[in-house]
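J.: Need a 3D model of the sequence below.
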Amino acid sequence: MIDIKLIRTNPDLVKENIKKKFQDEKIKLVDEVIELDKEYRAAQTKADELRNKRKTMSKQIGALMGKGQKDEAEKVKAEVAGIGDELEALEKKEEELKNAVRERMLVIPNIIDDSVPIGKDDSENVENERFGEPVVPDFEVPYHVDIMESFDGIDLDSARRTSGNGFYYLKGDIARLHSAILSYARDFMIDRGFTYYIPPFMIRSNVVTGVMSFAEMEGMMYKIEGEDLYLIGTSEHSMIGKFIDTIIPEDELPKTLTSYSPCFRKEVGAHGIEERGVYRIHQFEKQEMIVVCKPEDSMDWYNKLWKNSVDFFRTLDIPVRTLECCSGDLADLKVKSCDVEAWSPRQKKYFEVGSCSNLGDAQARRLGIRIKGADGSKYFAHTLNNTVVAPPRMLIAFLENNLNADGTVNIPEPLRMYMGGKDKITK
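T.: Predicted coordinates for the structure are as follows:
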């Protein structure tokens, strides 16, 4: 959610930003907000005048009664009662107008950074940089499920019977590898100065609307029937929500957090869930990184965060690249975002394994996360998030890039301590 002062003072900038995101149907919301805001402020001013008038007249009643002028006092009382009725109606109108403004403000997209490339959708995202040399081996790389099944490491049929498509059982060395990657990711981030968290896996609706747009919410979140609770789609949701309605002293920033959680996603509009695969699924686990910082530091942190992911994947011998998300591919709350993509030797292309985002003060403004400066001033924080690793999707990249011609899989040195000292997975 952007600052309403920006709409009041520079509506053309807000409208131009909407055009850059190819959401022209939202342009009318800017004019609606301006008109509703004028009505709201007029009602607010009138209500304040009536409150002051009522306060003054209430004092008059006491003075008149003290002088024995009961009839005059009763007349003033009647007038005060009339003011009360008018004020009650105005306060109701204030609340309605305030909600109408907020409802529209929540839909107007955040102002994107000047460096974001303009494009309609993810087909116009721009490659930034490659890390590591993509290799296509001289033997055929099987489909990732076939690799897992060769180690008796996955059972999709049983999961389909218990839960439907989009779920899986991992077992044996593949399940152990899954846990090893998460454990290594946790320690990797702790070693970089981040504080480790395991957050709640369910959050209330006011946190959901604080961390994401309505469109994302409808397409992602599972609602707990009969309760004001949603299953999280990523631990970023509950980790940013942790700071709701708080004022953070400036000298305590930045907050650098890394969190583990299962993630649950509807994947609405995902063109169906694969029957044989773990790339797009309803349930997975993830290690995340979250930063809450001063506005002037957020772009520096943005660059640090995506570099952490690149460094993590390179320690596991996986070539990666970063892809700058264009304007039309940015979620409404985001100022700037890039995907980290891993090399697939089987497909001979890169595929997404994580996403790094700077959300500016959008989440902080929605959730009331403020900073208290040394001079006592208060202002909204900036929030950022980035995927460290999200298996089992990451397992696809790992298995393909570490597969040998004989069907064994190499275990890079950083993972061996989590795999009982093994340097290979064998059939």
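
J.: what comes up buried for the helix or strand of the chain at the bottom of the mean pLDDT ranking?
T.: In the chain, no helix or strand scores lower on mean pLDDT, DSSP states H and E than helix 214-220, which sits at a mean of 79. Of all the residues in helix 214-220, those buried under the rule 16 or more other CB atoms under 10 Å are 217, 219-220. For the C-beta atoms, the positions are set from N, CA and C on the backbone; glycine is no exception.

J.: Put together CSV for those, with distance to T315 on each row.
T.: Converted to CSV, the buried residues of helix 214-220 look like this (distance: CB to CB, whole Å):
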residue, distance to T315
M217, 35
G219, 33
M220, 30
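
J.: quick one: secondary structure of D375?
T.: coil (DSSP: H, G, I helix; E, B strand; the rest coil).

J.: The longest helix that the chain contains: what's the following helix or strand?
T.: Scanning the chain for the helix with the most residues, using DSSP state H, yields helix 27-66. Next helix or strand after helix 27-66 toward the C-terminus (DSSP states H and E): helix 70-105.

J.: Can you show me the helices along the stretch 151-300 of the chain?
T.: 156-162, 172-191, 205-211, 214-220, 235-241, 298-314 (DSSP state H, counting those that start in this stretch).

J.: In the sheet, which residues pair with the nearest residue to D113 once chain neighbours are set aside? Tell me.
T.: Nearest non-adjacent residue to D113, counting by CB to CB, 6 or more residues apart in numbering: K336, 4.3 Å away. Beta-bridge partners of K336, counted by DSSP bridges, are N358.

J.: what's the spacing between K336 and D311?
T.: Going from K336 to D311 by CB to CB, to the nearest Å gives 20 Å.

J.: Settle it for me: which of these two has more neighbours?
T.: Taking neighbours as other CB atoms under 10 Å, K336 and D311 compare with K336 leading, 22 against 13.

J.: any idea of the angle the longest helix of the chain forms with helix 70-105?
T.: For helix 27-66 against helix 70-105, the angle by axes from the mean of the first three to the mean of the last three CA atoms, to 10 degrees is 160 degrees.

J.: Report the buried residues of helix 27-66.
T.: The neighbour-count check on helix 27-66 (16+ other CB under 10 Å) flags 29-30, 33, 36-37, 40, 43-44, 47, 50, 54, 61, 64 as buried.

J.: what's the closest of these to N10?
T.: Nearest to N10 among the buried residues of helix 27-66 is V30, at 10.3 Å by CB to CB.

J.: Kindly state the pLDDT recorded for H271?
T.: You'll see H271 listed with a pLDDT of 50.

J.: so how far is the first residue of stretch 354-362 from its last?
T.: From its first residue to its last, stretch 354-362 covers 21 Å (CA to CA, to the nearest Å).

J.: Identify the residues contacting R276.
T.: Contacts for R276 (CB atoms under 8 Å, 6 or more residues apart in numbering) come out as 143, 145, 156.

J.: what's the distance between it and D332?
T.: 34 Å.

J.: can you check E250 too?
T.: Per CB to CB, E250 is found 28 Å from D332.

J.: which one of those two has more residues nearby?
T.: Taking other CB under 10 Å, E250 and D332 do not tie; D332 has more neighbours (21 against 15).

J.: Can you classify the more buried one as helix, strand or coil?
T.: Under three-state DSSP, the three-state class of D332 is coil.

J.: Now do the contacts for it.
T.: The contact partners of D332, taken as CB under 8 Å, 6+ apart, are 21, 107-110, 213, 215-216.

J.: pLDDT wise, what is it at?
T.: pLDDT for D332: 94.

J.: Find the nearest non-adjacent residue to I118, please.
T.: Per CB to CB, 6+ apart, closest to I118 is S327, 4.9 Å.

J.: Let me see the contact set for that neighbour.
T.: By CB under 8 Å, 6+ apart, the contact set of S327 is 20-22, 112, 116-119.

J.: can you check G241 too?
T.: Shown in contact with G241 (CB under 8 Å, 6+ apart): 203, 207, 210-211, 367.

J.: For the spatially closest residue to R130 that is not a sequence neighbour, list each beta-bridge partner.
T.: Nearest non-adjacent residue to R130, counting by CB to CB, 6+ apart: R321, 4.4 Å away. Residues in a beta bridge with R321, per DSSP bridges, are R130, E341.

J.: burial count for R321?
T.: When counting by other CB under 10 Å, one arrives at 19 neighbours for R321.

J.: same thing with the one 5 residues further on?
T.: Counted with other CB under 10 Å, the burial measure for C326 works out to 23 neighbours.

J.: now swap in D191 and tell me
T.: Residues near D191, counting by other CB under 10 Å, number 8.

J.: what does the one 5 residues further on give?
T.: By other CB under 10 Å, the residues close to Y196 number 13.

J.: can you pull the contacts of it?
T.: Y196 is in contact with 186, 189-190, 258-260, counting by CB under 8 Å, 6+ apart.

J.: List buried residues within these.
T.: 186, 189, 258-260.

J.: Tell me the one of the residues you listed nearest T426?
T.: R186 (26.6 Å).

J.: contacting residues around stretch 15-30?
T.: Stretch 15-30 is contacted by residues 7, 11, 14, 104, 107-109, 111-112, 118, 120, 327-328, 330, 332 when judged by CB under 8 Å, 6+ apart.

J.: Pick the one among the residues you listed closest to A362.
T.: Comparing the contacts of stretch 15-30 against A362 with CB to CB places D332 closest, at 8.1 Å.
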